[in-house]
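Undergrad: quick one, fold the following:
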Amino acid sequence: MIRVDALTVRFRTAAGSVDAVRAASFRVAAGEVFGLVGESGSGKSTILRALSGLAPVSEGSVHIAGPDRDARARHVQMVFQDPYGSLHPRFTVDQTLREPLNINRMGEQETRILNALREVGLDPSFRFRYPHQLSGGQRQRVAIARALIVEPRVVLLDEPTSALDVSVQAEILNLLKRLHRERNLTMILVSHNLAVVGFLCSRVAIMRNGEIVEELPIESVRAQQVQSDYSRSLLLATGGYQRKAAQALGVDASP
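TA: Numbers count the residues shown, from 1 in each chain. Sure, this is the predicted structure:
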């Protein structure tokens, strides 16, 4: 579904230029959840932005099966880290959900809005509330509903739970896992939390300074069977992946 080949993303700065991502390559199969892990500034979120068209592709290429460049805006949707910052403060929930339907000229809007709210666990009473009238978890549910309402094939998740309380993180993680299963979505999850990645993802790429250090199945992360010294130090810094870390979030760790 997703193919990234030797991707380089370069930004100009006052001192010249900087490569936020350097020669990154990976594949994501249809229906798979793939994780990008690394410390802050490693280039994880920049890859998501390149896939969604929000960051320039300086070298290499990104390809998403099916939609052409014009259709990417609908078929590739992104959920951002800060649910308050990603929602228009003067738009009601109804306006927030209706806008992408208008942009993509999709009909049956009333039904789609009600179904989108129901799918993320919000009842119709939330339709005419503003972001400041919602909790953090409710705002993130609205952001997820906005992404899904146009029926995308690919959802990009940029640390979707890091700004939430631990108990709310568990609710959002279980919601994302259910939506992935029911819709057979292809997802890429960016996170610094190995418990979150281990709960949702089947494979993970570890990044450092804009480069992919190594790519491995999540079972190898759980067993701490990694090849690079950096991956080993990252696991040590986070205490390694342990199933009880997911349980501490209150999430269901069963398949």
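
Undergrad: what pLDDT is listed against Ala23?
TA: On the pLDDT scale, Ala23 is placed at 95.

Undergrad: how about the nearest residue to it, chain neighbours excluded?
TA: Spatial nearest neighbour of Ala23, excluding adjacent residues (C-beta to C-beta, 6 or more residues apart in numbering): Ala6 at 4.8 Å. Every C-beta, even on glycine, is put in place using the N, C-alpha and C of the backbone.

Undergrad: so that neighbour sits right up against Val62, yeah?
TA: No - Ala6 lies out of contact with Val62 (C-beta atoms under 8 Å); the separation is 10.3 Å.

Undergrad: more neighbours, those two?
TA: Between Ala6 and Val62, Val62 has the larger neighbour count (other C-beta atoms under 10 Å), namely 19 against 11.

Undergrad: show me what contacts that one?
TA: Residues in contact with Val62 (C-beta atoms under 8 Å, 6 or more residues apart in numbering) are 2-5, 7, 50-51.

Undergrad: what ranges does the stretch 51-200 of the chain have for its strands?
TA: Under the criterion DSSP state E, counting those that start in this stretch, the stretch 51-200 of the chain contains strands at 59-64, 76-79, 154-158, 186-191.

Undergrad: ok, now how distant is the residue lying closest to Phe128 once chain neighbours are set aside from Thr8?
TA: Closest residue to Phe128 apart from its sequence neighbours, by C-beta to C-beta, 6+ apart: Thr92 at 4.9 Å. From Thr92 across to Thr8, the span is 41 Å (C-beta to C-beta, to the nearest Å).

Undergrad: again with Arg181
TA: For Arg181 relative to Thr8 (C-beta to C-beta), the value is 35 Å.

Undergrad: kindly report the same for Val62.
TA: For Val62 relative to Thr8 (C-beta to C-beta), the value is 11 Å.

Undergrad: Gly38 now?
TA: Taking C-beta to C-beta, one finds Gly38 at 17 Å from Thr8.

Undergrad: out of the two, which sits in the busier spot?
TA: Neighbours were counted for Gly38 and for Thr8 using other C-beta under 10 Å; Gly38 has more, 23 against 17.

Undergrad: show me what the more buried one is bridged to.
TA: Bridge pairing for Gly38 (DSSP bridges) gives the partners Met207.
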